[in-house]
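Q: Fold the stuff below for me.
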Amino acid sequence: MILSDADIKKNIHEGTIKISPAPNFEEQLGPCSLDLHLGNSFKIFKMSRYSFIDLKNSVDIDDMMEEIIIKDGASFIIQPHDFVVAITKEEITLPANIMGRLDGRSSLARLGLVIHVTAARFDPGWRGKAVMELGNLGTVPIVLYSGMRICSMTFETLAVSVETPYLQQNDHKYADQNSATASKINEEPK
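A: Predicted coordinates for the structure are as follows:
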């Protein structure tokens, strides 16, 4: 069951879903989702000695990227056809019986800004700042601002709590993110 606005408020007030900083419900709450703000950490691919990413051979993807940190309220320009990894301002903690799903905002999509390209599911028991993959499919640069509403999260209850929440999994790679995080696919068993 997807949580309604009333359910979202109740779960946050009761501390079942934890969000920091606390949301401004008048600004952020929709009928069945909560808008999240763009953080100030970004990762972009830099010119590299690698001419391609070979997923079968170990390569340090983080080494291929450069982190850019901007001040709160400052701008970040995403050029046409650019790919950027970004983060939300909010840190989220999900219980063992609720999953989250991140979606871009329609108003930004209509400008050509793709938000969270794939992997929009946040497993029960996950904690951290949500990392998003941003892409500018348009033909003109788009100026983004740290602190602007960038995406929304819907919450869905499970019939029963999971047996192994995300933070208890042996292979949890993306827990407790507090900055834009590169792919960790090279940490997976071959």
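
Q: The longest helix seen in the chain: which residues count as buried?
A: Ranked by residue count under DSSP state H, the longest helix found in the chain is helix 5-13. Residues of helix 5-13 classed as buried by neighbour count (16 or more other C-beta atoms under 10 Å): 7-9, 11-12. To be clear about C-beta, it is placed using only N, CA and C from the backbone, and glycine gets the same treatment.

Q: Which neighbours in the sheet does the worst-scoring helix or strand of the chain on mean pLDDT have, and how are they oriented?
A: Least confident helix or strand of the chain, by mean pLDDT, DSSP states H and E, is strand 121-122 with a mean of 88. Applying DSSP bridges to the sheet, strand 121-122 is found paired with strand 98-104 (antiparallel).

Q: what's the strand it pairs with in contact with?
A: Strand 98-104 is contacted from outside by 3, 11, 16-17, 33, 36, 92, 94, 113-116, 120-124, 126, 130, 132, 150-158, using C-beta atoms under 8 Å, 6 or more residues apart in numbering.

Q: Mind giving me the ChimeraX select for those, buried ones only?
A: Restricted to buried positions by 16+ other C-beta under 10 Å, the ChimeraX selection for the contacts of strand 98-104 reads:
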select :3,11,16,17,33,36,92,94,113,114,115,116,120,122,123,124,126,130,132,150,151,152,153,154,155,157
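
Q: out of the contacts of strand 98-104, which are inside helices?
A: Reading helices off those with DSSP H, I get Asn11.

Q: Among the contacts of strand 98-104, which are located in strands?
A: 36, 92, 113-115, 121-122, 130, 132, 150-157 (DSSP state E).

Q: quick one on the thing from earlier: give the rounded mean pLDDT of the longest helix of the chain.
A: If you average the pLDDT over helix 5-13, you get 98.

Q: still on that earlier bit, dump the buried residues of helix 5-13 to JSON lines, plus distance to Asp62.
A: Below are the buried residues of helix 5-13 laid out as JSON lines (distance: C-beta to C-beta, whole Å):
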{"residue": "Asp7", "distance to Asp62": "38"}
{"residue": "Ile8", "distance to Asp62": "34"}
{"residue": "Lys9", "distance to Asp62": "38"}
{"residue": "Asn11", "distance to Asp62": "34"}
{"residue": "Ile12", "distance to Asp62": "33"}
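
Q: Out of the residues you listed, the closest to Pro21 would be?
A: Ile12 (11.7 Å; C-beta to C-beta).

Q: just checking, that closest one touches Ser20?
A: No - between Ile12 and Ser20 there is no contact under C-beta atoms under 8 Å: 10.4 Å.
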